[in-house]
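**Q** Starting from these lines, generate the structure:
(chains A and B)
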Amino acid sequence: MAIRIGLPRGLLYYQYGSIWERFLQELGAEVVITGDTSKATLNCGSGLDEVCLPAKVYFGHIYELYKQVDYLFTPRIISVATGQYTCPKIIGMPDMLRSNIDNLPPLIDVNLNLRQNNRSLYQAIVTVGHMLGRNAISSLYAWYHAWQYRRLEQAIHCSKPNGQRIGLIGHPYIIYDQQISMNIIDKLNHFGIHVITPEMVSNRQAAIAAKTLGKKIFWSNGDHMAGAALALIQSRQPVDGLIFITSFSCGPDALIGELINQRAQALNIPCMLLTVDEHTAEAGFVTRLEAFTDMLIRRKQS
Amino acid sequence: MKVTYPHMGYLNMPVSKMLNNLGVEVIEAPPISKKTIELGSLYSPEGVCLPYKINMGNFIESIDQGADTLVSVCGAGKCRLGFYNAVQKIYLAEKGQIQFYMLDTNHLFSDLYRFLRTVAPRASRLVILKNMAMGIKLLKALDAMNEAKNFYGARTNSPEQIIDICRGGTQELANSTYKKINFIRDFTISSIGAICNNNQCRPPRIALIGEFYLLLEPYVNHSIEDLLIKQGIEVKKFVYTGNWVYSNTLLQALGLYSEEKAYLDQAKPYLNYHVGGDGLKSVGSALQCARDGYDGIIHIYPFGCMPEVVAQSALKNIANDYNLPLLTLSIDEHSSDVGIITRIEAFADCIKRKKYQH
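**A** Okay, the predicted model is just below:
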């Protein structure tokens, strides 16, 4: 019988999940992925104090999963780019899981630190393969295969000439989790607004724009978000408005949101800051979105 | 050029002394007050941590008094401290032409040296190095006095007197010369020791751990050490400015010291990686105290501090496994002093009862 490995749908899953899944399957494991975040997931995760909502959601997914699997795949992702880190909560996540949940199945918590060089990636691949009884070459080959299937970067869609364009800036694990973000993309699309997320801005464009900040941002997600936001508002065809969506008590966002807000104000582009937590009411959320889009439409007309 | 810097505990004393000796004009921010925190919060992003807001308040208050050159430290990763200045600059730019100097904690020695060379171009290299040594020596003396206060204060019937002596000694150090530092330190410590009338007793011991700034700045932690001493509890702190500056300047520059390595082994198996800030250190020292038979742990950090939130869940587990009482104080600008003091007193009572039952 194949080994069952659980993959929680939270945090960096939204960026690397498809590769992880493919990789583990190539290694011959049966991968169990949790479903979309639900109210029940949130309730399970809310037992924690003071951490941000995505971390609570991650805990919720683990609760859902941990009794059904032999291993949990929760790599300790310290850094994914040279000179940058992810975020202290993501780095400490395996330890937080162990401290807060009893009777966990073994965690696959290989360290992944690409801050200085890529060696740690290959080490991690080999270690995971070893845990599943594979030798080094076949695990590297599995990773190579998985990498071929990664989601290709989306190019910026050219917008409809008359439609409003809004840049929606936030962590992928907030924007693409429909429970946390209250399905904000669909809601905006429903208003007839074209939404651009940081993932639609190429890494190169974002990196060039981020250079104008002066100090390099050392959180990789934050760096990309700030770069994307600046690229969107400083381009020749700037977006009509920015929405910065963050979760309450997200550390890096507190500073990065402020930077983006200041830049947008200087360029006279409206910017709205939306903070979500598990108590956010949908009605209030929708009202703010409506008010913001109404304001943008009126602005364009005048 | 009028230099100013944010407050943190008694750090201002050696810094101002160092700069004054080098002939730099210093405008010190007024001591932290309610107004500082209000001003700072007004000009800061809402979700940022308390030390940022207080630093900001210090800067604004000293700029209002005419300062035009700001110096502060910044980290180089994970914790928000590394990004403080980038955002602070934007706000302070509205206040006029201001120079901002950052000292990176990873190369504290070279950055500090370079900074002193820029602000005091006429001073010779030797004088600068001598002044840096003086600063470190002064800080270490202050640390030693503080430690003596914590030790003897818990073993006497008149802790107020000891606190007063320590305060007097601190003021004396501020006006002393390089040669007299050790003399004042020894004198203060011996006079503290002389008051101690009950050397044999074994008071309950509490480990005070958490975030750097909150541990060191008495205004924001409501002088928690003095409070506990008055309750007859010995406080052990692991974060001392002098020690930290010493190991991060001299020893690190010589490659003899790495903070990360030192605490990584200590914190296992509760926390297995450096999570930035003082997270690893908190867990490491808590675990050491648990093994040494301490009677309780107080964990204090600013609300939303990322490394300490990770540390907190590890601490809960340590407290559970070793059956140790743990008090977690998460502080922001709205924390009322009465609420915090009541909690500390209740915790102290609970520790004492637990200790003397056996």
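**Q** What are the phi and psi values at whatever residue of the stretch 201-350 of chain B ends up closest to chain A?
**A** Residue of the stretch 201-350 of chain B nearest chain A, by CB to the nearest CB: B:Val310 (3.4 Å). Glycine gets a C-beta too; all of them are placed from N, C-alpha and C. When read as degrees, to the nearest 10, the backbone of B:Val310 gives phi -70, psi -40.
**Q** Contact residues of the stretch 101-250 of chain A facing chain B?
**A** By CB under 8 Å from any CB of the partner chain, the part of the stretch 101-250 of chain A that sits against chain B consists of A:111, A:213-215, A:217-218, A:246, A:248-250.
**Q** repeat that with 7 Å
**A** Residues of the stretch 101-250 of chain A lying close to chain B by CB under 7 Å from any CB of the partner chain are A:111, A:213-215, A:217-218, A:249.
**Q** which of these count as buried?
**A** A:111, A:213, A:217-218, A:249 (16 or more other CB atoms under 10 Å in any protein chain shown).
**Q** Need the max-distance pair from those.
**A** With CB to CB as the measure, no two of these lie farther apart than A:Asn111 and A:Leu213, at 29.1 Å.
**Q** Ends of stretch B:231-251, what's the gap?
**A** Start-to-end span of stretch B:231-251 (CA to CA, to the nearest Å) is 37 Å.
**Q** who's in contact with that stretch?
**A** With contact meaning CB atoms under 7 Å, 6 or more residues apart in numbering or on different chains, stretch B:231-251 is reached by B:9, B:11, B:105, B:108-109, B:112, B:136, B:139-140, B:142-143, B:150-151, B:154, B:203-209, B:212, B:215-216, B:225, B:228-229, B:257, B:278, B:281, B:285, B:289, B:345, B:348, B:351.
**Q** buried sites along it?
**A** Buried-residue list, stretch B:231-251, by 16+ other CB under 10 Å: B:231-242, B:244-250.
**Q** Just the residues you listed: which are in strands?
**A** B:234-237 (DSSP state E).
**Q** ok, back up a step: now restrict the contacts of stretch B:231-251 to buried residues only.
**A** Using 16+ other CB under 10 Å, the buried ones in those are B:9, B:11, B:105, B:108-109, B:112, B:136, B:139-140, B:142-143, B:150-151, B:154, B:203-209, B:212, B:215-216, B:225, B:228-229, B:278, B:281, B:285, B:289, B:348, B:351.
**Q** thinking again about what came up before, please dump the residues of the stretch 101-250 of chain A next to chain B into TSV; it should also carry pLDDT, distance to A:Thr287 and secondary structure for every row.
**A** As requested, these are arranged in TSV below (pLDDT from 0 to 100; distance: CB to CB, whole Å; DSSP: H, G, I helix; E, B strand; the rest coil):
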residue	pLDDT	distance to A:Thr287	secondary structure
A:Asn111	90	45	strand
A:Leu213	84	33	helix
A:Gly214	78	37	coil
A:Lys215	82	36	coil
A:Ile217	88	32	coil
A:Phe218	87	36	coil
A:Ser249	84	23	coil
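**Q** Please state the offset of stretch A:85-100 from the chain centre?
**A** Distance of stretch A:85-100 from the chain centroid (CA atoms, centre = their mean, to the nearest Å) equals 15 Å.
**Q** does that stretch come close to chain B?
**A** Yes - counting by CB under 7 Å from any CB, chain B has neighbours in stretch A:85-100: A:85, A:87-89, A:91-92, A:95-96, A:99-100.
**Q** Could you dump those into CSV and include pLDDT?
**A** Formatted as CSV, the residues of stretch A:85-100 next to chain B follow (pLDDT from 0 to 100):
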residue, pLDDT
A:Tyr85, 88
A:Cys87, 89
A:Pro88, 88
A:Lys89, 90
A:Ile91, 91
A:Gly92, 90
A:Asp95, 90
A:Met96, 90
A:Ser99, 87
A:Asn100, 87
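**Q** For A:Pro8, give me its contacts.
**A** A:34, A:58, A:61-62, A:65.
**Q** hmm, try it at 8 Å
**A** A:Pro8 is in contact with A:33-34, A:58, A:61-62, A:64-65, A:72, A:74, counting by CB atoms under 8 Å, 6 or more residues apart in numbering or on different chains.
**Q** repeat for B:Tyr178
**A** Applying CB under 8 Å, 6+ apart, the residues near B:Tyr178 are B:130, B:134, B:137.
**Q** quick one: it from B:Ala141, how far?
**A** Distance check for B:Tyr178 against B:Ala141: by CB to CB, to the nearest Å, it reads 11 Å.
**Q** Equivalent analysis for B:Lys230, please.
**A** Per CB to CB, B:Lys230 is found 24 Å from B:Ala141.
**Q** Between these two, which has more neighbouring residues?
**A** B:Ala141 (24 against 16; other CB atoms under 10 Å in any protein chain shown).
**Q** Can you verify that one is assigned to a helix?
**A** Yes - under DSSP: H, G, I helix; E, B strand; the rest coil, B:Ala141 sits within a helix.
**Q** show me the contacts for it.
**A** Counted by CB under 8 Å, 6+ apart, B:Ala141 has contacts B:173, B:181-182, B:184-185, B:242.
**Q** run the last query once more with 6 Å
**A** Residues near B:Ala141 by CB atoms under 6 Å, 6 or more residues apart in numbering or on different chains: B:181, B:185.
**Q** Look up the pLDDT of it for me, please.
**A** pLDDT recorded at B:Ala141 is 92.
**Q** Equivalent analysis for B:Tyr257, please.
**A** Looking at B:Tyr257, the pLDDT reads 66.
**Q** likewise A:Glu153?
**A** 45.
**Q** per-domain residue ranges of the chain.
**A** Picking chain A for this. Using automatic domain parsing, the domain ranges for chain A come out as A:4-148, A:164-301.
**Q** you looked at the wrong chain, it should be chain B
**A** B:2-123, B:124-153+B:155-201, B:203-358.
**Q** For B:Phe212, see how far away the residue of the stretch 151-300 of chain A found nearest chain B is.
**A** Per CB to the nearest CB, A:Ala254 is where the stretch 151-300 of chain A lies closest to chain B, at 3.5 Å. Using CB to CB, we find A:Ala254 at a distance of 19 Å from B:Phe212.
**Q** Output the contacting helices and strands for whichever strand or helix holds B:Ser190.
**A** Applying DSSP states H and E as the criterion places B:Ser190 in helix B:181-195. For helix B:181-195, the packing partners by 3 or more CB pairs under 6 Å, 6 or more residues apart in numbering or on different chains; DSSP states H and E come out as helix B:125-153, helix B:159-174.
**Q** what's the most buried one of those?
**A** Stretch with highest mean neighbour count among the helices and strands packed on helix B:181-195: helix B:125-153 (a mean of 20; mean count of other CB atoms under 10 Å in any protein chain shown).
**Q** Could you check the angle that one makes with helix B:159-174?
**A** Helix B:125-153 and helix B:159-174 are oriented at 170 degrees to each other (axes from the mean of the first three to the mean of the last three CA atoms, to 10 degrees).
**Q** quick check: angle from helix B:125-153 to helix B:181-195?
**A** Using the same axes, to 10 degrees: helix B:125-153 against helix B:181-195 is 0 degrees.
**Q** Taking the stretch 51-200 of chain A, what residue is nearest to chain B?
**A** A:Gly92 (3.4 Å).
**Q** List phi and psi for that residue.
**A** phi -90, psi 0.
**Q** rewinding a little: just the pLDDT for the residue of the stretch 201-350 of chain B closest to chain A.
**A** 89.
**Q** Distance of it relative to A:Pro270?
**A** B:Val310 is 36 Å from A:Pro270, by CB to CB.
**Q** of those two, who's got more company?
**A** B:Val310 (30 against 16).
**Q** Name all residues that make contact with residue 62.
**A** Using chain A. Per CB under 6 Å, 6+ apart, neighbours of A:Ile62: A:Pro8.
**Q** Correction: the question concerned chain B.
**A** With the criterion set at CB under 6 Å, 6+ apart, B:Ser62 makes contact with B:4, B:27, B:29.
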